[in-house]
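[1] Here is my input; please provide its structure:
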Amino acid sequence: MRSASMPPAAGTGLEPGFRGVICASFGATGDTAGQHTGVQPRHDLRFKAANAEALSELRSALGRSHVGVRLVLAGPPADIRAAAAAAAECGLQQEELTLLSDETAPRVIYCPHCHATTTTVRPAGSEVQCQGCATNLATTDHFSRRMGAYLGYAAHAEEAS
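    Okay, the predicted model is just below:
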């Protein structure tokens, strides 16, 4: 899996030998227009969010693709991570994915206490109140591909009560 901060290879942003690209954009900020594929085929998909319908359409496009296809995902972190998880279910390897993340978008925080998720614009290291159980969660940069969210933990768990 490559991120936007990695240098492009061979002027395309993708390694030599790929057989085509599926570019999926999410939200208002997701943009894959800068991804040049040279003479290789390109299929563009645009979604408002990585909801069940969008992920189903992405899985369908991947199911129709050939060996050697690359997937470029652009947009908010939660959306592109959910799409990356769907791609992994379809058999794509991390090396076949390029993630272009909009780090200014809201982050989804997973609460291990009640299994709810909370959306926040606060950066990693800050605290947010869980929308499920009201626990104050410390936010982290640890992203769970399986959960599709950043992991939180009880902010003051080590303090004596």
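
[2] Now tell me what touches stretch 78-95 from outside.
    The contact list for stretch 78-95 (C-beta atoms under 8 Å, 6 or more residues apart in numbering) reads 1-2, 24, 26-27, 30, 47, 49-50, 54-55, 58-59, 62-63, 71, 73-74, 96-97, 99-101, 105-108, 119, 143, 145-146, 148-149. Backbone N, C-alpha and C define where each C-beta goes, glycine included.

[3] change it to 7 Å
    Stretch 78-95 is touched from outside by 1, 24, 26-27, 49-50, 55, 58-59, 62-63, 71, 73-74, 97, 99, 101, 107-108, 143, 145, 148-149, with contacts defined as C-beta atoms under 7 Å, 6 or more residues apart in numbering.

[4] go on, stretch 124-144?
    81, 109-111, 113-114, 116, 118, 120, 122, 150-156.

[5] Name only those of the contacts of stretch 78-95 that count as buried.
    By neighbour count, with 16 or more other C-beta atoms under 10 Å, the contacts of stretch 78-95 hold 1, 24, 26-27, 50, 55, 58, 62, 71, 73-74, 97, 99, 101, 107-108, 143, 148-149 as buried.
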